[in-house]
Each structure stands twice: as structure tokens, then as C-alpha cells.
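**Student:** the following comprises the amino acid sequence and a computationally predicted model.
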2 protein chains.
Amino acid sequence: MSEPFASTRRKFLARTGALGITAGTASPPLAQTAQPPNVPEWMRAPGEPVLWRKYGLPSEFEQNVVRRFNPTRRMKVPGEGPSYTPLQDLHGTITPSGLVFERHHSGIPNIDPAQHRLMVHGLVKQPMVFSIEDLARFPSVSRIYFLECSGNTNTEYRAPVAKSVQESHGLFSNCEWTGVMLSTILEQVGLQPDAHWILAEGADAAAMTRSVPIAKCLDDAMLVYTQNGEALRPEQGYPLRLLLPGWEGNMSIKWLRRIKVASEPFMTREETSKYTDLMPDGRSRQFSFLMEAKSVITFPSAGHKLKERGFYEISGLAWSGSGRISRVHVSIDGGRNWREAQIQEPILSRAAVRFSLPWRWEGGEAILQSRVIDETGYVQPTRQQIISVRGTGPWFYHNNAIQSWKVSPSGEITNVHT
Amino acid sequence: MSEPFASTRRKFLARTGALGITAGTASPPLAQTAQPPNVPEWMRAPGEPVLWRKYGLPSEFEQNVVRRFNPTRRMKVPGEGPSYTPLQDLHGTITPSGLVFERHHSGIPNIDPAQHRLMVHGLVKQPMVFSIEDLARFPSVSRIYFLECSGNTNTEYRAPVAKSVQESHGLFSNCEWTGVMLSTILEQVGLQPDAHWILAEGADAAAMTRSVPIAKCLDDAMLVYTQNGEALRPEQGYPLRLLLPGWEGNMSIKWLRRIKVASEPFMTREETSKYTDLMPDGRSRQFSFLMEAKSVITFPSAGHKLKERGFYEISGLAWSGSGRISRVHVSIDGGRNWREAQIQEPILSRAAVRFSLPWRWEGGEAILQSRVIDETGYVQPTRQQIISVRGTGPWFYHNNAIQSWKVSPSGEITNVHT
């Protein structure tokens, strides 16, 4: 049933020097002479059977597409730290659940969902305890939202240290989430008139806690039990997490066990000594929840190599915690000139979009950048613009600066500041 | 940092008899008396560390959420057969790649992507061979599309035999796919004037082959290398598959190695002796590509049990190979009365949507059905309507009949015909 490939692999590879001379050109034409049959070994016998794996896994040839630790960072307490999504290897907009970034404060608890409970108490008319089964009884919503750590790209503030977009921007993922609106549950317990904040507490050993203004809770906050169709993964909060669309990821409390309603914020460790923004005058901005508009080119990016001149599609991700994105611009000359990128539909509020721009690389040096504008008119800033407001350190959350990738004449891509 | 749950689990469970008496009611209020602290064991010590798994997996408590084989079906040749997606356990619209249904004709080949090639030849101006790297150089698109086997629900034609929606409708999945438009590649090779069909051939041991009209190839057909953000899974065609949105799944040839352009269809085994529709007059409809509009309630569905009276959200999936869906109706009385279900945004062409309807179960018998209408005005038919055109067997592809789930007074849900 199979017909031979008319070109052997060796001959094919010998000809690829001509590949990509004009935009849209792929491999050269086959020789029209007869060639020996080429039936690959995997066609010669039946493969692995149906249900080889009841729960599927990637091909063994994709074993380098994994989450990674930042090599420059040391774990402070057991189980603490981040892992990074391999954005340089991903396409489209959905992050597969196995590759969603992590940021834990005391490791991943192994929770029995039948025993897990959510207590809602404080300034409510009727304190209540909910099982996961109870929560799944309520009307549900499914929405695609990005999730980004406020520390994403924080290594890049003073020098371009990341070796890949995974290291620089990999504390970012985008999933379809299903759960019950938090507003539904708060309606259930009934808020007292002076209810202005909640405390959300996780069932990890850190009992991770954050304060959330009640307006967000009554707007688009969700209690999610599902991610990309199936139950949340353990490292994403199984069996229940808070999800605050567009806000810094650490507030979307994982392994959610308790919501306490109050009139004031709770001033927990994670909103006083941590997750605040030190300003040049020595004061700190507190409660800087919003993840503002940001974009990054994922191909080509640091660690990739262009093997030859010719056509390439520049591709990347853009998002905004403020809503939908409106436009993405791409520069190939370090920001002197900008062209409008194409944006793939659908464009959803607080969700990642994939943008692309066709590009012909002539073999010279280039500095690739992307810049997003969201529906509020907010323009992704340069690093210099951020520094002019916030100074140079020693530490920064919310670094949404324009990222630069340098293409050298050898085709190597590196991380640079302009 | 943790505060006690004010109700122990035992007391909580003792009170749940009152759960769900009115729509929106969840668990009963907590007793206001002091209770002993309840800090679960998983909060008492740090959990598994970051990067416990470089590639994440579901919780051990979700080990029953897996693909399954149809117990009534026997494998005809090694590696042949289907596995089913556990729709009764899923939420939202995206099917996680590990649970996407399978249908193989000779097992899953283990393909080295560096060695894999796609040859495009026949009635073209310039035959070409492409590597995966070549194909990834072309402009890419990412789109969410459903994929359904034409044999999905074929067990249900004469009697309601499936024990779950996984068995009855589980040859259905919905993913984000990324790849190059087939039209881009056909433009590259150049079509001769009498190019009206292509043959698509897989690199499995069956060399699975189907003929596809050129109009579809130039419309929305894709050559995909990515599913839900990452490389295709081996059982989904790694490293390359054809994707024909809205058409029967077997035509979206996996492990794609060859496209031959011709003036006529190739009359392969899979479009002559298989994948044709026998009509009552003894003739067979051939080339019945389109998967017409269909919907099914996934909760509650056969195998679920309603533990008590009260509020439930009826929820399900709807899709149409013809484009967008317009409306979904739900009946709780076996089709005598219909109510309009809510449809979750975004509504995309040839993609699954999640619909829902709030429902209060009073403890009586109910027959739950859903019915979709797509943007062409096509209405999902009853089983009787299909039988009136196509007779009763012996075998049916393209069974998109309205599905009935019976709720008994005990709360058991079973699969019935009405």
C-alpha cells in the first residue's frame, strides 16, 4: 500500500542548502528519476496497541519539552520555588496542563478530594462549609484565562540573563478553567454590609494567604476545580483553587480551604514583606494586583538558531490583565520601525493570543521585539520607561517590558537589552 | 496560620440531608459552637517539591478518569480499535491530550520526527518532500476544532447498550490544533488543472489511506503538528496529521507521509468496504464526509447518581461539522417540552460548545435530552427520523440522534430509547 519516497533522506538533506530562498519556499523539487523504496521501519509491523496508555503522554522524542527550574535560584524552604513553562517549544495559545508553570511556597500537598472542604466565614450572614461535590452542584462556567506570576521576567531587569524565553517569560500559562463564580458562593453565604475584603487560604503547608478586594470577588473571580477539561493538576491546586483573572498568579490561591470575609485587608506575609513593589523613594507599593499588558516573541527566541536565510514566521504571545488586546506590533530593528502583527482569533478577555508576522531573514543582524496595546489603550512599556518610574532595583515584580532578541549573522538568537 | 474548620467532616456529612432543597442552595450553615481544630494531614509538612514532575500528571485520586475500550468489541488485527474519552468526568470544552479518543487501524507507530517526511506528488507542477522542520517554517494557524469518529454512537442504533456517555459518545474530542494550511502547501507544489482529489496516506503499518476532494483541501484543511499547545501525541499522529475540520475523524489521516494529487478518488479500502453508509435499498452512500450537528448531555448521564433532590445543573456538549451552533434545547420530559439552554462563549465554527440548563430535581422520573440547531438551520434528528431514512441496520456510521438519559426516582441515571 505504501509507495516509495522518491528521495532518500541523505539525498534530501544534501539538497536543503537551497531551502527557503524566497518567502514561502520549502524544500526543493524531487528528482524525477526512480529511487529505491523508502518504507520506514515503523510501517513494517503493527505499532503499540490502542490503550497502550489509558492516559496519554508525549512522544519519547519530545522529552526535552519539560518544565525547568531557574538554574540561578536556590530553594529557600522545602518544596518552595518556581518551575517554568517551555514557551519556546509551544504553539497556539493553550498550555497543556503537564507544562503549566509552578510556584509553590511549601510544596504540593496530596489532597483527598473527598475529605477536602472550603469554609466561608467572617462577615457573612451564614457561615458555610462546602465539599467539592457541593461546589460542583452550583452553576458552572468555563473560561480561558492566562495566569502569570508577578515575578515573571524579574531576572531581566538589570541585565539580560535568561538563556531562553522559558527562563525569561516561562512563569506564564494559559488554560481553560471551569468552576463556580465566587459571586455565586458569596451570594449563598450572604455578605454583611461592611464586607470589603476576603482572606483566601490554601491547604498547603505554607497555608498561603492573600487578601482580595470584594469587588474582584463579585466580578470575575472563580472557584475552579477543572483545568483544560479535567480535574486540576496537584501542582495547580487540586482539588480547588481560587482564580482571579488578570491578577498576579500568587493570589489565585491553590488548594483553597478557607475564605474569611472582613472589612479590611489581612496584611499577610505575602502582601507585606513579599509581593510588594519597592519604589525609588524607599516606599513600597502594596496590593499591585493587576498584570498589565505584555507580549513576547517565542519564535525565534534565545536558544533557537536560524539555519539559513529565507522565510520565517515570527510568532509570539500577548496578553493583558485589563481585558482584550487590540494590537500587537513587531520590530525587527530594535524598535525603530514597527509593523502590525496578525492576531489569531478568538481574542478573549484576559487570555493569551498568538500573534505572527512573516519575515524574510537576509542573514544580517536583527533585533526582534514585540509590543502589545490592549483595549484600554495601554501600551507595553520599554525597560527604560519602567526604570524611569520604579528605579533599578534591587528587586522587581511586574516587569512587563518589551523583550529584545538579537539575531546574529550566524543565525544564533540571544537575549539582549537595547 | 490555619484556622479550624468549624464543623468536623462527620457532623458535616450528618447534615447534608438538607443539601440542595432550593435552586442554588449548597451545604447547611455551620453550627456556631466551637469545634476542635481540623488541620488536615497534608498541611502538617511540606508537600512534594517544585518539579516533582517535569511533565505533570493528574492526581492519584483521578485514576479512574481514563480512556477505555468498548468491552463489547474485539480487536480484529493487532493494534486495531478505538478507545473512548471519559466525557462524563470532563468539564469545559477542551479535551486534555491524554484523554483524546483513539481509533487506530494497525497500532501506533513510534516515529522519529527527524526522519519523517511528507511527500506531495501526482498532478502537481513540482513534486516536493517536506521535513517537519520545513513545514514548521511556513505561516502557521491555531484553531480549536472537534474531532469525531464516524462510528461514534454506532452501538446505540437498535438498543441503548452503552453504560456511560463515554461508551456512547466518547469517540469525540475537542482540541486546539496548530499547523500549516494545506492550501499553503498545495500552492507551493502547484496544482495541475485536473487536480480534483488527493490521496492522504499515513505512516502506520496499515498505511491508512483516504481520498479527499480538493475543495476541502483548499478550504480549511490543515497539516497539524501541534495539539493543545505541544507536539501531537503519538496516538494522535505524531509528528504530523491531516486535519479536516468537521469531517469524519478517520479522514484526518494520522502520521501523514504522503499526499498524491489526482483527478479521481482512489477508492481505497476505507472508502469502499469501510466508512460507507448502507441504505435500506441495499446501496451504500459513499464519501459521506460531514459530521452533522450533534449534542449530548454529559451530566447527569448514565452511571451518575443523583444523591438527593434539589438543584442540579444539566450540562453537555454540542457541535456541528457545518459551522457554528446556534441554539441548544434541553428537555426533561423525553422531548415533549424543550427549554433553551445557555451556551458558553466563545462559539467557534466546527468546535465543541458547553451548554447548561439549571434544573431542580423533585425526585420523580425524568428523561433528559438535548437537541442542537446549527447556523445552517439543521436540527439534530431523533433516532426515529434517522431510521425513517436509513433503515435499522445492520451497521451505522453517522448516528447523531438525540440521546436520552432516564432519571429514576432512586436517582440512578440510565441509557434509554424513547
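**Tutor:** Here it is on my side, so go on.
**Student:** how about low-confidence regions in chain A?
**Tutor:** Flagging of chain A using pLDDT under 70 yields the residue ranges A:1-37.
**Student:** 80 instead, please
**Tutor:** Under the criterion pLDDT under 80, the flagged ranges of chain A are A:1-38, A:71-76, A:393-395.
**Student:** so the residue of the stretch 301-418 of chain A found nearest chain B: helix, strand or coil?
**Tutor:** For the stretch 301-418 of chain A and chain B, the shortest gap (C-beta to the nearest C-beta) falls at A:P346, measuring 4.6 Å. Every C-beta, even on glycine, is put in place using the N, C-alpha and C of the backbone. At A:P346 the chain is in coil, as set by DSSP: H, G, I helix; E, B strand; the rest coil.
**Student:** now name the helix or strand holding the residue lying closest to A:W338 once chain neighbours are set aside.
**Tutor:** Leaving aside its sequence neighbours, A:W338 sits nearest to A:H329 (C-beta to C-beta, 6 or more residues apart in numbering or on different chains; 3.9 Å). In the assignment (DSSP states H and E), A:H329 maps to strand A:325-331.
**Student:** following that strand, which helix or strand shows up next?
**Tutor:** Counting by DSSP H and E, the next helix or strand C-terminal to strand A:325-331 is strand A:339-340.
**Student:** contacting residues around the helix or strand following that next one?
**Tutor:** Using DSSP H and E, the helix or strand that follows strand A:339-340 in sequence is strand A:342-343. By C-beta atoms under 8 Å, 6 or more residues apart in numbering or on different chains, the residues outside strand A:342-343 that reach it are A:A318, A:I325, A:R327, A:V328, A:V353, A:R354, A:F355, A:S356, A:L357.
**Student:** do that again at 6 Å, thanks
**Tutor:** When contacts are defined by C-beta atoms under 6 Å, 6 or more residues apart in numbering or on different chains, strand A:342-343 is touched by residues A:V353, A:F355, A:S356.
**Student:** three-state assignment of the nearest residue to A:H116 once chain neighbours are set aside?
**Tutor:** The shortest distance from A:H116 to any non-neighbouring residue, by C-beta to C-beta, 6+ apart, is to A:P239 (5.4 Å). When classified by three-state DSSP, A:P239 comes out as coil.
**Student:** was I right about A:P239 contacting A:D112?
**Tutor:** No: counting by C-beta atoms under 6 Å, A:P239 sits too far from A:D112 to count as a contact (8.6 Å).
**Student:** of the two, who's got more company?
**Tutor:** Shown here are A:P239 and A:D112; by other C-beta atoms under 10 Å in any protein chain shown, A:P239 has more neighbours (27 against 13).
**Student:** quick one: the helices in the stretch 151-300 of chain A, in order.
**Tutor:** Secondary structure of the stretch 151-300 of chain A (DSSP state H, counting those that start in this stretch): helices at A:165-169, A:182-189, A:214-218.
**Student:** B:Y157: which of these is closest?
**Tutor:** Checking the helices of the stretch 151-300 of chain A against B:Y157 by C-beta to C-beta gives helix A:182-189 as the closest, at 40.4 Å.
**Student:** tell me how far the closest one lies from the chain's centre.
**Tutor:** 29 Å (C-alpha atoms, centre = their mean, to the nearest Å).
**Student:** helices or strands next to that helix in the packing?
**Tutor:** Where contact means 3 or more C-beta pairs under 6 Å, 6 or more residues apart in numbering or on different chains; DSSP states H and E, helix A:182-189 is not packed against any helix or strand.
**Student:** check which residues of that helix are buried.
**Tutor:** A:L182, A:T184, A:I185, A:L186, A:Q188, A:V189 (16 or more other C-beta atoms under 10 Å in any protein chain shown).
**Student:** now the phi/psi pair for the spatially closest residue to the first one that is not a sequence neighbour, please.
**Tutor:** The one in question is A:L182. Using C-beta to C-beta, 6+ apart and skipping residues adjacent in sequence, the residue nearest A:L182 is A:A221, 4.0 Å away. Backbone geometry at A:A221, expressed as degrees, to the nearest 10, gives phi -70, psi 140.
**Student:** what residues does the stretch 101-250 of chain A put near chain B?
**Tutor:** The stretch 101-250 of chain A has residues A:102, A:104, A:106-111, A:113, A:117, A:119, A:126-130, A:134, A:139, A:142, A:176, A:178, A:188, A:203, A:205, A:207, A:226, A:228-231, A:233-235, A:238 near chain B, with proximity defined as C-beta under 6 Å from any C-beta of the partner chain.
**Student:** next one: stretch A:267-284 to chain centre, how far?
**Tutor:** Relative to the centre of its chain, stretch A:267-284 is centred 24 Å away, using C-alpha atoms, centre = their mean.
**Student:** now do stretch A:329-345
**Tutor:** Its chain's C-alpha centre lies 21 Å from the corresponding centre of stretch A:329-345 when counted by C-alpha atoms, centre = their mean.
**Student:** try stretch A:120-139
**Tutor:** Averaging C-alpha positions (C-alpha atoms, centre = their mean) puts stretch A:120-139 30 Å from its chain's average.
**Student:** that one: which residues count as buried?
**Tutor:** A:120-124, A:127-132, A:134-139.
**Student:** kindly report the same for stretch A:402-418.
**Tutor:** Under the neighbour-count criterion of 16+ other C-beta under 10 Å, stretch A:402-418 has A:I402, A:Q403, A:S404, A:W405, A:K406, A:V407, A:I413, A:N415, A:T418 buried.
**Student:** quick one: that stretch near chain B?
**Tutor:** No: Stretch A:402-418 stays clear of chain B (C-beta under 6 Å from any C-beta), getting no nearer than 13.3 Å.
**Student:** nearest spatial neighbour of A:L218, skipping sequence neighbours?
**Tutor:** Leaving aside its sequence neighbours, A:L218 sits nearest to A:S183 (C-beta to C-beta, 6+ apart; 4.8 Å).
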